[in-house]
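> Requesting a structural model of the entry that follows:
(one chain, ligands or ions: 2)
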Amino acid sequence: MNKVTFAIIKPDAVKNNHTGKIYDHILKSGFKVLSAKLIKMSKNQAQNFYLIHKDKPFYNELTDFMSSGKCMVLTLEKNNAVNEWRETIGSTNPNDANEGTIRKLYATSLGENAVHGSDSDENAKKEIAFFFSESELI
Ligand code: IDP
Ligand code: MG
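Ligands and ions are numbered 1, 2, ... in the order given. Next comes the predicted model:
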């Protein structure tokens, strides 16, 4: 299943009113939106979503931030979706991100970096299932 990936428009971007611009950037980059919804994660949900980072020094800061406000979760479709989306968002640290990438345009810092993207097909599948039921994936 290399045609789908999972994305989040993170709380900083939603708060700063960048949701519409990022959604438009997604479509203009050739992705089809299979599902999207605005949610507010609980701390517990953020901790479970980012379980792979539980031993990192920034785990608490990250899960506080991700549960601090509304975000938009999305399932995106495109050939080679995982890599294409990582290219579209740019490096984790916006200072290192290429010009024109979403993080370069809209991220505020390394922690509050506007968007999430899955890092593999396997994780994309898990992350989509974490937030969406089958009936939401049209
Ligand atoms: P990614 O989102 O580009 O895949 P990861 O290394 O998987 O980057 O880290 C997950 C998220 O954790 C990042 O997007 C960012 O929000 C946050 N993060 C990563 N490194 C740091 C850090 O050193 N300090 C604070 N937050 C961090
Ligand atoms: Mg990652």
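
> was I right about residue 120 contacting residue 82?
Yes: contact status for residue 120 versus residue 82: in contact at 6.3 Å, counting by C-beta atoms under 8 Å. For every residue, glycine as well, the C-beta is placed using N, CA and C.

> In terms of packing, which of the two has more residues around it?
Higher neighbour count among residue 120 and residue 82: residue 82, with 23 against 12, using other C-beta atoms under 10 Å.

> OK, contacts around the more buried one?
Contact analysis of residue 82 by C-beta atoms under 8 Å, 6 or more residues apart in numbering lists 2, 5, 117-121, 124.

> Could you find the closest non-adjacent residue to residue 32?
Nearest residue to residue 32 in three dimensions, chain neighbours excluded: residue 77, at 4.4 Å (C-beta to C-beta, 6 or more residues apart in numbering).

> Quick check: residues of the chain near ligand 1?
58, 61-62, 92, 110-111, 113, 116, 119 (C-beta under 6 Å from any ligand atom).

> mind running it again at 8 Å?
10, 50, 52-53, 56-58, 61-62, 65-66, 86, 89, 91-93, 109-113, 116-117, 119 (C-beta under 8 Å from any ligand atom).

> In this protein, what residue spans correspond to helices?
11-15, 19-28, 43-49, 59-66, 81-89, 102-106, 121-131 (DSSP state H).

> Make a markdown table out of the ones you listed and add mean pLDDT.
Compiled in a markdown table, these are given as follows (pLDDT from 0 to 100):
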| stretch | mean pLDDT |
| --- | --- |
| helix 11-15 | 98 |
| helix 19-28 | 98 |
| helix 43-49 | 98 |
| helix 59-66 | 98 |
| helix 81-89 | 98 |
| helix 102-106 | 98 |
| helix 121-131 | 97 |
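
> Okay then, goodbye and thanks.
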